[in-house]
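# With the sequence up front, the predicted model follows.
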Amino acid sequence: MSEHEIHPSDSFAIDSLKADLFSEVQQVQQNREASFTEKDLVVHHLLFDPIDMPHDVLKSDPYMPTPGDPDRVTIGHNGLFETVAREYRIANLMRAAGRVGVAPDHAPMPIHSGMTGEEYDTVKGEMLTQLEAQTQKNIAGIDRVRNTFLMNPASMRLDDAEKIQKIRMPKATTLERLDAMTDLPALDAVEDLMHTCFMNQASFEAAIKAHDLRLMEMHQDENNPYVVSFIDEDQQEIRPRKLEEGTSSSVRAHKVVTARIYHRDKKNVTFEVVRKINRYSFPKDRELRGTTPFIVNGHNQQPVYVQIVLRLQKDRSKNRHLDPQVAYDIDRQFINKGAKQRHISDSAL
């Protein structure tokens, strides 16, 4: 036996220690829950209770973000959200592939129309990888909120818990997501839109326009505490996103901050609207039936999905000590590395 090999008796001792620790944690939690007030019990239900969504929710809301608590969300009688969402995405991909055609495995290369089986598998992998990654991020975020509550039940207000429940479902508005992140430091990023749209450029653009309109309408509402500043497209900094090792070189993935959202009353509370885009790059001369070409650098880059995330800006070195409205006005007048930002006015609508 090597010096680094764990003896069976040591392994048993480790498992026993883990079990004892888990039992102690459970006992502490039970003792704390025994002292819950009536308000705490309501908050506990809002944060922990399982959620069931209608069986057709993915069809009825094509821009629905991933539930904030996917491990506790079921869809009809079909199972957990992630399982149903996987099947839904694969079914949509199969329809798109059926439209453009998939070449048989023995077809001579290069093919002149449709897609190969390898390309199909790559796109499917990208869709499912994104779903799994966002699921894990959401679970971690909601768990941080729940742990904050369990450690100090009095710290969680009822209205904040109600917003978290809507994020868990997910039925929160953009405004409610911003409010939750403003009031709950454990939550620093929330998905606001998710749309799979393989080989459908029109659907891809419609999703982006729908979210932009949502932000414009929120900005125009004088009753909300947020000011939205869109960044002109020619001033947006596009950054490549890290892909898993071994990912096909034909996958194109990037993210870009398209807007900033300032809180009118709370200093240093600024959010970024982050658009994450995934495309697959086909040869320019490949025939893809029923698609709109999107030519970049000699390749037809077809959309796979678009995701929009609201993210708390953690380092506001610029404008740190300024009133949010003043900071917004300065940003509007070319302070961000010389970037001119477009103020949304009535004329912009």
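Arrived safely. Not measured: the values here are computed from a predicted model. Residues are numbered from 1 along each chain as shown.
# what about the residue lying closest to Ser203 once chain neighbours are set aside, how many neighbours?
Sequence neighbours aside, Cys197 is the residue nearest to Ser203 in space, at 4.1 Å (criterion: CB to CB, 6 or more residues apart in numbering). C-beta here means a position set from N, CA and C on the backbone, and glycine is covered the same way. Other residues near Cys197 come to 20 when the count uses other CB atoms under 10 Å.
# Can we start the residue count at 187 from this point?
Right, with 187 as the first residue, what we last looked at is Cys383.
# contacting residues around Cys383?
389-390, 393, 489-492 (CB atoms under 8 Å, 6 or more residues apart in numbering).
# hmm, 10 Å instead?
By CB atoms under 10 Å, 6 or more residues apart in numbering, the residues touching Cys383 are 248, 278, 282, 389-393, 488-492.
# Likewise for Gly327?
Counting by CB under 10 Å, 6+ apart, Gly327 makes contact with 254-255, 350, 353, 367, 370, 372-377.
# I'd like those residues as CSV, with secondary structure, pLDDT and neighbour count appended.
Formatted as CSV, those follow (DSSP: H, G, I helix; E, B strand; the rest coil; pLDDT from 0 to 100; neighbours: other CB atoms under 10 Å):
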residue, secondary structure, pLDDT, neighbour count
Gly254, coil, 95, 27
Asp255, coil, 95, 27
Ile350, helix, 97, 26
Ile353, helix, 97, 24
Met367, helix, 96, 22
Leu370, coil, 94, 21
Ala372, coil, 92, 16
Leu373, coil, 94, 22
Asp374, coil, 93, 15
Ala375, strand, 96, 17
Val376, strand, 97, 25
Glu377, strand, 98, 24
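# end-to-end on stretch 381-395?
Start and end residues of stretch 381-395 are separated by 12 Å (CA to CA, to the nearest Å).
# For it, give the mean pLDDT please.
Taken as a whole, stretch 381-395 carries a mean pLDDT of 96.
# buried ones in that stretch?
Buried positions in stretch 381-395, judged by neighbour count with 16 or more other CB atoms under 10 Å: 381-387, 390, 393-394.
# can you check stretch 406-413 too?
Quick answer for stretch 406-413 (16+ other CB under 10 Å): 410-413.
# could I get those residues as TSV with secondary structure, distance to Gly311 and pLDDT?
Converted to TSV, those look like this (DSSP: H, G, I helix; E, B strand; the rest coil; distance: CB to CB, whole Å; pLDDT from 0 to 100):
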residue	secondary structure	distance to Gly311	pLDDT
Asn410	coil	40	90
Pro411	coil	41	94
Tyr412	strand	37	95
Val413	strand	40	94
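# Which one of those residues is nearest to Lys441?
Ranked by distance to Lys441 (CB to CB), those are led by Tyr412 at 21.7 Å.
# Tell me if I'm right that the closest one and Glu362 touch.
No - contact between Tyr412 and Glu362 fails when scored by CB atoms under 10 Å: they sit 11.6 Å apart.
# how about the lengthiest helix in the chain: buried residues?
Using DSSP state H to define each element, the chain has its longest helix at helix 303-337. Of all the residues in helix 303-337, those buried under the rule 16+ other CB under 10 Å are 305-306, 308-310, 312-314, 316-317, 320-321, 323-325, 327-328, 331-332, 334-336.
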